[in-house]
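Peer 1: Output the structure for:
(one chain, ligands or ions: 2)
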Amino acid sequence: MELSLIVPTFNEGPNVRELLRRLADTLDSTVYEVVFVDDSTDDTPDIIRAAAVDSAAPVRLIHRERPVGGLGGAVVEGIRSASHDWCLVMDGDLQHPPEVIPQLLARAARGDTDVVVASRYIDGGTSDGLANAVRTTVSRASTLLTKAMFPRKLNGCSDPMTGFFLLRRSTVDLESLQPRGFKILLEILARRQLRVSEVPFAFAPRFAGESKASFTQGMRFLTQLTMLRFGRMSAFAIVGGLGALANLAIMWALVAVHMPYVWAAVVASVITIVANFLALEYLVFADMRADSGRMWHRFVKSFTFNGIEAIVRIPLIAVLVERAHIPSVIAAAVTLIAAFVVRFVFHALVVYAPKKRRAEAAALAPAVAASDELAA
Ligand SMILES: Nc1nc2c(ncn2[C@@H]2O[C@H](COP(=O)(O)OP(=O)(O)OP(=O)(O)O)[C@@H](O)[C@H]2O)c(=O)[nH]1
Ligand SMILES: [Mg+2]
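Peer 2: Ligands and ions are numbered 1, 2, ... in the order given. The predicted structure is shown next:
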C-alpha cells in the first residue's frame, strides 16, 4: 500500500525533525510521501524545507499565504494534492504516535473499510495526553453530542473528533466538504455514509510547541455541528437568537438604571449589531468570506441594513408601547422576530453573495443570450 501522509502545521517548527525521524523508523518497509500543509506565521516552512533535504522519504510543503478553512481547510488541500489514494492525516505535534500507523495500514489492508480511525475511546486507547481535565471533559461531551446528532453515520465511530485517521481519497466527495475549523473527520463522515473501522491509540502529550485549540475553535465546532445537521439558516437563527436575547438583556439592564426606553433600545441595538456581524463573519458565513469581497464592504452593507431595520423597528416599538400598551421589552421581542427573516434573506443573498460567481455569470451572459436566441 502506497501512502500519502498529510500533516497540517501551524508554528510546529520544533516538532518537524522528530516527526520525520519517527516516521522513517516506523515505516521502513512502506512507500510513502509526507505532505506538510502549513499556515505558520513563524519559520516553520524553512525548517520543513531544510528537513526535507535529509529525509529518506519525499517531503512536500504546501505553504498557504492566505489560509482558507483553518485546520480543516489545510487537511482537504493536502488530501487533494496527495500522490496516492490512501491518505493518512495526523497532527504535527507528535500527539499522534507514528508507531500506530502500521496497525492502521494492517486494518485497511483487510479490504472492507473506507476509513480507519485511530480512536482514543475504545479499549486500549486513552486520551491522557489532553492538557487538563477541562479539555478531557469538553472532548468527551462534544463526542457524545456529536454522536447523538449523527446516530447512523457515526455508528461505527467512537472518536469522530480525532485528527488521526487513514482514508481512501476515492471514497470521499472532496467537493462537498465545507471545512471549517478543527473537526475535518466529522465533516467527512457526516457528508456521506462510509465504512468505518477503528484501531485504539494512546493520545500522547505534545512533544514541543504550543496548543492552537481555543475557545474560538470550540465555538467554530458548535457552528459546524449545527450547520452540518440543520443547515446554515439554523446557525444564523441561533446567532440571531442569542443576539436578540443579549439585546433584550442590555435593554432591561439599562431600563432598570432608569435610562429612557427609547435610548436603551438604541444602545442595545448598536452593541448587538456589531457583535452579530462578528459572529456571522467568523462563524456562520466563515466559508463564504473569501469569495465575497472586502470585510468592510460587508460590514457597511450589514450595518446599513441593521441600522435601517433599527430605525424602522424602534418607532414601531414606540407605537406598540404607546398605542397598544404592550410592555416595552415584549414589543421589542415581537419586532425582533419579524426582522429575523428579512435579515437572513438579505445576508445570504446580498452581503455574502459570491463576487467571483457573479463575475462568471456576467461573463456567461452573452453566451446564454445567444443560445436563447438560437433556441427561439
Ligand atoms: N495548517 C494548519 N494547521 C493547523 C491550524 N491550527 C492547528 N493546526 C495544526 O493542527 C494540529 C492540531 O492542533 P493542536 O494545536 O495540536 O490542537 P490539539 O491537539 O487539539 O491541542 P493540544 O492538545 O493542546 O496540542 C497541529 O499539528 C497544529 O499545528 C491551522 O489553522 N492551519
Ligand atoms: Mg495537538
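Peer 1: what packs against the strand or helix carrying Val76?
Peer 2: Per DSSP states H and E, Val76 falls inside helix 70-81. On a contact count with 3 or more CB pairs under 8 Å, 6 or more residues apart in numbering; DSSP states H and E, helix 70-81 meets strand 3-9, strand 32-38, strand 59-63, strand 86-89, helix 184-191. In this view, the C-beta of every residue, glycine as well, is placed from N, C-alpha and C.
Peer 1: what angle sits between the last one and strand 3-9?
Peer 2: For helix 184-191 against strand 3-9, the angle between stretch directions is 120 degrees (axes from the mean of the first three to the mean of the last three CA atoms, to 10 degrees).
Peer 1: quick one: strands adjacent to the helix or strand following helix 184-191?
Peer 2: Per DSSP H and E, helix 184-191 leads on to strand 196-200 as the next helix or strand towards the C-terminus. With DSSP bridges as the test, strand 196-200 is paired with strand 115-119 (parallel).
Peer 1: and the strand it pairs with, anywhere near ligand 1?
Peer 2: No. Strand 115-119 stays clear of ligand 1 (CB under 6 Å from any ligand atom), getting no nearer than 13.0 Å.
Peer 1: CA-only coordinates of that strand, as PDB, when you get a sec.
Peer 2: Taking Å, rounded to 0.1, in the frame of the first residue of the first chain, the C-alpha atoms of strand 115-119 are listed here in PDB:
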ATOM      1  CA  VAL A 115     -11.800   5.000   6.700                       C
ATOM      2  CA  VAL A 116      -9.700   3.600   9.600                       C
ATOM      3  CA  VAL A 117     -10.000   5.900  12.600                       C
ATOM      4  CA  ALA A 118      -7.300   6.000  15.400                       C
ATOM      5  CA  SER A 119      -9.600   6.200  18.400                       C
END
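Peer 1: one step back: dump the helices and strands packed on helix 70-81 to CSV, plus mean pLDDT.
Peer 2: Converted to CSV, these look like this (pLDDT from 0 to 100):
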stretch, mean pLDDT
strand 3-9, 97
strand 32-38, 96
strand 59-63, 96
strand 86-89, 97
helix 184-191, 90
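Peer 1: Next, count neighbours for Leu228.
Peer 2: 21 (other CB atoms under 10 Å).
Peer 1: Tell me the buried residues in stretch 132-152?
Peer 2: When neighbours are counted by 16 or more other CB atoms under 10 Å, the buried residues of stretch 132-152 are found to be 136, 138-139, 142-143, 146-147, 149-150.
Peer 1: For the helices and strands packed on helix 70-81, give me JSON lines that also has mean neighbour count and distance to Met227.
Peer 2: Formatted as JSON lines, the helices and strands packed on helix 70-81 follow (neighbours: other CB atoms under 10 Å; distance: least, CB to CB, whole Å):
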{"stretch": "strand 3-9", "mean neighbour count": "25", "distance to Met227": "21"}
{"stretch": "strand 32-38", "mean neighbour count": "24", "distance to Met227": "23"}
{"stretch": "strand 59-63", "mean neighbour count": "18", "distance to Met227": "26"}
{"stretch": "strand 86-89", "mean neighbour count": "24", "distance to Met227": "21"}
{"stretch": "helix 184-191", "mean neighbour count": "24", "distance to Met227": "10"}
